[in-house]
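# Okay, predicted coordinates and the sequence, questions at the end:
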Amino acid sequence: MSSEGLASAKRFLVFALSALYAIAAAAGLILLEFDTGRDIALWIGFLVAGAALLLLGELRTPPGIRSAVVVSVGAALGGLPLFWTLLVPIAVAAVIACSIALARRDSAPA
């Protein structure tokens with residue numbers, strides 16, 4: 001896959017995961033019954049922090065290793081509460097793989 005195609009696929013996945021994490025955070029408050037306030041804080045904290053890190057790494061961090069690390073941490077962090085689904089872990093793995101591949105291409109000598 002070309003660098004442009006890989007970058008656009010990663011960008012789409014980052015925005016899709018960020019939106020999914022934000023929707024899951026809000027929907028979890030409405031649809032799920034949490035036992036304690038700590039459970040609510042963890043649910044919201046992981047999902048909102050994951051979405052924020054994904055967007056920060058994609059939009060505010062220059063392309064390269066630092067961006068790949070921020071995006072990967074955000075994807076993994078937000079994916080923790082949703083590990084039981086099938087689609088989210090696959091999307092998280094794809095985002096991390098794309099981020100690392102793009103960072104390696106950017107840092108490779110010409």
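It's in. Numbers count the residues shown, from 1 in each chain.
# what residue ranges in this protein score low on pLDDT?
Scanning the chain for pLDDT under 70 picks out 1, 108-110.
# all helices for the protein, in order.
Counting by DSSP state H, the chain has helices at residues 3-31, 37-55, 65-79, 87-107.
# right, so these: which one is the most enclosed?
Most buried of those, by mean neighbour count (mean count of other Cβ atoms under 10 Å): helix 65-79, with a mean of 21. Using the backbone N, CA and C atoms, a C-beta is placed for each residue, glycine as well.
# For that one, what is the distance to the chain centroid?
On the basis of Cα atoms, centre = their mean, to the nearest Å, helix 65-79 sits 6 Å off its chain's mean C-alpha point.
# Same check on stretch 8-18?
8 Å.
# Need the CA coordinates for it. PDB is fine.
Extracted in PDB, the C-alpha atoms of stretch 8-18 (Å, rounded to 0.1, in the frame of the first residue of the first chain):
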ATOM      1  CA  SER A   8      -5.700   8.100   4.700                       C
ATOM      2  CA  ALA A   9      -6.700   4.700   6.100                       C
ATOM      3  CA  LYS A  10      -5.100   5.500   9.400                       C
ATOM      4  CA  ARG A  11      -6.700   8.900   9.500                       C
ATOM      5  CA  PHE A  12     -10.100   7.400   8.900                       C
ATOM      6  CA  LEU A  13      -9.600   4.800  11.600                       C
ATOM      7  CA  VAL A  14      -8.400   7.400  14.100                       C
ATOM      8  CA  PHE A  15     -11.500   9.500  13.500                       C
ATOM      9  CA  ALA A  16     -13.800   6.500  13.600                       C
ATOM     10  CA  LEU A  17     -12.300   5.200  16.800                       C
ATOM     11  CA  SER A  18     -12.400   8.600  18.400                       C
END
